[in-house]
Structure formats: C-alpha cells, structure tokens
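Colleague: Okay, sequence plus prediction incoming.
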Amino acid sequence: MKNNKELKGWLSALNLKHPLVIAGPCSAETEEQVLKIAHELKDTDVNYYRAGIWKPRTRPGNFEGVGALGLKWLQKVKAETGLKTATEVANRAHVELALEHDIDLLWIGARSTVSPFIVQEIADALKGTDKIVLVKNPVNPDLALWLGAVERLSTADIKNLGVIHRGFSSYDKTKYRNTPEWQMAIELQTKFPDLPLINDPSHITGNRDMIFDVSQTALDLNFDGLMIETHFDPDNAWSDAAQQVTPASLIQIMKDLKIRKESTPEVDYNDQLQNLRAQIDVIDNQLLETLGKRMKVAEGIGLLKKQKNVAVLQSKRWNEILGKMVLEGEQYNLSEEFILKLFKAVHQESINHQEKILNK
C-alpha cells in the first residue's frame, strides 16, 4: 500500500467544502438522456458525473449497456457542463477505451473485485495512471479480498485510489438490496484512515425512499462521499429503476444531509463522552465474560452428546431459540436483523466448541 496521506491526496486536492458526490444514471441509455441529466446536475454539489457504459448482468437478455458509444456522450457532458466524468470498467479493453476518451474516474465493480485475475488485468492496464481509481467491495463480505484488490492497484503504481462501499449479498431477507455490513467498512476505515471511502446508498438500498437515511448514516460514520444514481425519469429507467432518484430529489437530499463534526473541544462534551465510553467498556467486558460462560456450558453439552452419540445440531431447538430471542429482543429495542446475526454467530461458536469435544 502507498503511504496513507499520499492516497488521500487526490481527495484533499479537490478542496471540497462538502463530501464528494458522484451522481448520474445507472446506465447511459441515449445521448439525450445522458446530457439532460448532466445539465440538471450542473452547478450543484455533484463533483463527478457517473454513467454505466457496460452493465454486468446476472442473466443474459437484460440491457447490458450501450458500450463504447456512451463514452462519446460522456465527453460531451464534460465539454458542455464542465462536470468530470466517471464509469465502471471490468477488463483491459474497457480501461483502454475509457482512457482514450479521457474519463476522469474509473471504478471496479463488485463482480470484478471478487476475481484477483480480473483486478490484476485492470491494474496492469492502468499501471502508472494518474486517473482516480475506486474499488467497490466484493459481492460477498470478504475484507481481505477487497483490500487485496486495492493492493494490486497500488502495486501497479496507481496513486489516486479509493474504495466504494455498496453493501453485500445475503441469503437472508432484509430491507436492503445489499446489506450494509457497516462494521466491515468501519474496519477498513480503521486500518487505512486516509484511503477515501465512498458510500453507494443506491445499491445498498435498492429503494430510492431509503437513500437519504443510508447516506446520513454513512456521513455519520465519517465516509468521504456518496455515489447516488440519478435519472430524470427513474420509473422508466432501463436498469435499476427503483433505486434511482431525480436530480431535484438528489439536490434536496444534499441540502438535508447533516455533516457532523469529528469532535469538539468542549470540556463538558468530552467529560460526558468519556464517562459513557467507560460504561460501555465495563459492559463489553461483562459481555465477553458471559459469552465465555456460555461456551463452557456448550462444552458440557458437547461432552454429554459425545457420551450418548448424539448429533451436534438440533434444528428444532435452534429454531425455537431464534424465535424466542427475536421476540425478547424487541423489548430492548433490538432489531430482528441484529438478533439473528448475533445469535447465529453465538450458535456457530457453540457448535465449534462442541465439535472439538466430539472429535477428540
């Protein structure tokens, strides 16, 4: 990895008075559509105009983008509005075409990030470029894979790097299109605090009505910017219609978002904060102690099952526990999503302890 301050440099050089904003349609559909949206975003807080030129689709037959023709439309956007341009690249050919058309910012999509071979191909094609290159998180929650992609680009002497948090696929049903897994983005931010971190609320939510709340959460967590899909007629968009907002809605969202201070020197605030954090530290230690005791009991169950040759997993009992915990969690204002994640993790650790006993 490059020196952290060097990585953050491209964002600092923009001298923005607000978080970075990347906006534009999910897909470039027609020249008229691309230019109309761009002109509506001109002279707003939008810093980069995005448009999907090549659209990776899970199944064939869906709209897969207009291809290289759309890059010429982005050139017109820059010439007519002064907006810098951005698009997704998925292979060497995409990179070469994007560079040829002087696209200012490139990003690697979630489906590409999962493949080190694809990322390396893109890194080789971009070697030494001064373009901004952002890496979306992989489809599945794998921090090492995400960071590995960044490292490949950094090794190729690509200086202007950043990452995009767009949420993660899950078999569990949630209100999100892709679950945020905020803790993973926080962990990345902790390890590399000067690597620009952009949130993509459009792909996290899949629902334009949730864009504001997720964007605000991201800003509350000190994200550096937002990528929001924008279309003048979202309901008739050729792709991802439900998650796109109109330019007018985007402008209102940007007005309503609150930018939090990282801290304040006020003595009273810091005294109260220190006291509350001390309380959390005590409770966290109690939680660890309680979990340790629970695992000791699980080991006792493992010994009993070993003696009687009984299987570790008892599905009926497990489902009863989950249902009970979800109901009890509501009394403490704990969401069903949180309870399920917590107790699935605890249950898996209990199984691990029992399996060690059975396999001795």
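Modeller: The structure has been received and is ready for your questions. Because the structure is a prediction, the values reported are computed rather than measured. Residues are numbered from 1 along each chain as shown.

Colleague: from the chain's centre, how far out does stretch 329-337 sit?
Modeller: Distance, stretch centre to chain centre, for stretch 329-337: 24 Å (C-alpha atoms, centre = their mean, to the nearest Å).

Colleague: Give the buried residues for that stretch.
Modeller: 329, 337 (16 or more other C-beta atoms under 10 Å). (C-beta placed from N, C-alpha, C; glycine too.)

Colleague: Surely Gly52 and Gly65 touch.
Modeller: Yes. The pair Gly52 and Gly65 passes the contact test of C-beta atoms under 8 Å, sitting 5.9 Å apart.

Colleague: now for the strand or helix carrying Glu121, which elements pack on it?
Modeller: In this structure, Glu121 sits in helix 116-126 according to DSSP states H and E. Contacts defined by 3 or more C-beta pairs under 8 Å, 6 or more residues apart in numbering; DSSP states H and E place helix 116-126 against helix 92-100, strand 105-108, helix 110-113, helix 143-155.

Colleague: in the protein, which spans are strands?
Modeller: According to DSSP state E, the chain carries its strands in the segments 20-24, 48-50, 84-89, 105-108, 132-136, 161-165, 197-199, 225-229.

Colleague: Which among those is found nearest to Thr155?
Modeller: strand 161-165 (11.0 Å; C-beta to C-beta).

Colleague: count of residues packed around Trp238?
Modeller: 19 (other C-beta atoms under 10 Å).

Colleague: Just the pLDDT at the nearest residue to His39 once chain neighbours are set aside, thanks.
Modeller: Excluding the flanking residues, the one nearest His39 by C-beta to C-beta, 6 or more residues apart in numbering is Thr81, at 6.1 Å. With respect to pLDDT, Thr81 has a value of 98.

Colleague: The one 3 residues further on now?
Modeller: Looking at Lys84, its pLDDT reads 98.

Colleague: picking up where we left off before, can I get the strands of the chain in TSV with distance to Ala345 and mean neighbour count?
Modeller: Shown next, in TSV, are the strands of the chain (distance: least, C-beta to C-beta, whole Å; neighbours: other C-beta atoms under 10 Å):
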stretch	distance to Ala345	mean neighbour count
strand 20-24	34	25
strand 48-50	36	24
strand 84-89	33	24
strand 105-108	30	24
strand 132-136	25	25
strand 161-165	21	25
strand 197-199	25	24
strand 225-229	30	26
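
Colleague: can I get the ones you listed in CSV with distance to Leu288?
Modeller: Below are these laid out as CSV (distance: least, C-beta to C-beta, whole Å):
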stretch, distance to Leu288
strand 20-24, 38
strand 48-50, 44
strand 84-89, 42
strand 105-108, 38
strand 132-136, 34
strand 161-165, 28
strand 197-199, 29
strand 225-229, 36
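
Colleague: Could you say which one of these comes nearest to Leu322?
Modeller: strand 161-165 (28.4 Å).

Colleague: Of all the helices and strands packed on helix 116-126, which one is nearest Val46?
Modeller: Checking the helices and strands packed on helix 116-126 against Val46 by C-beta to C-beta gives strand 105-108 as the closest, at 12.4 Å.

Colleague: what residues does the closest one touch?
Modeller: 22, 48, 50, 84-90, 95, 98, 119, 122, 126, 131-136, 149, 164 (C-beta atoms under 8 Å, 6 or more residues apart in numbering).

Colleague: Check stretch 77-94 too.
Modeller: 22, 24, 34-35, 38-39, 41-42, 46-54, 56, 70-71, 74-75, 95, 98, 102-109, 111-112, 118, 121-122, 124-125.

Colleague: cool, stretch 293-307 as well?
Modeller: Stretch 293-307 is contacted by residues 310-312, 346, 349-350, 353-358 when judged by C-beta under 8 Å, 6+ apart.

Colleague: Now do the helices in this structure.
Modeller: In the chain, the helices defined using DSSP state H lie at 4-13, 31-41, 69-81, 92-100, 110-113, 116-126, 143-155, 182-191, 201-205, 211-220, 247-256, 267-308, 315-331, 336-358.

Colleague: deepest of these, which one?
Modeller: For the helices of the chain, the largest average neighbour count (mean count of other C-beta atoms under 10 Å) is found in helix 201-205, namely a mean of 26.

Colleague: just checking, what packs against it?
Modeller: Using 3+ C-beta pairs under 8 Å, 6+ apart: helix 201-205 touches helix 211-220, strand 225-229.

Colleague: Also compute the angle for the longest one relative to strand 161-165, please.
Modeller: Read it as helix 211-220. Angle, helix 211-220 to strand 161-165, by axes from the mean of the first three to the mean of the last three C-alpha atoms, to 10 degrees: 130 degrees.
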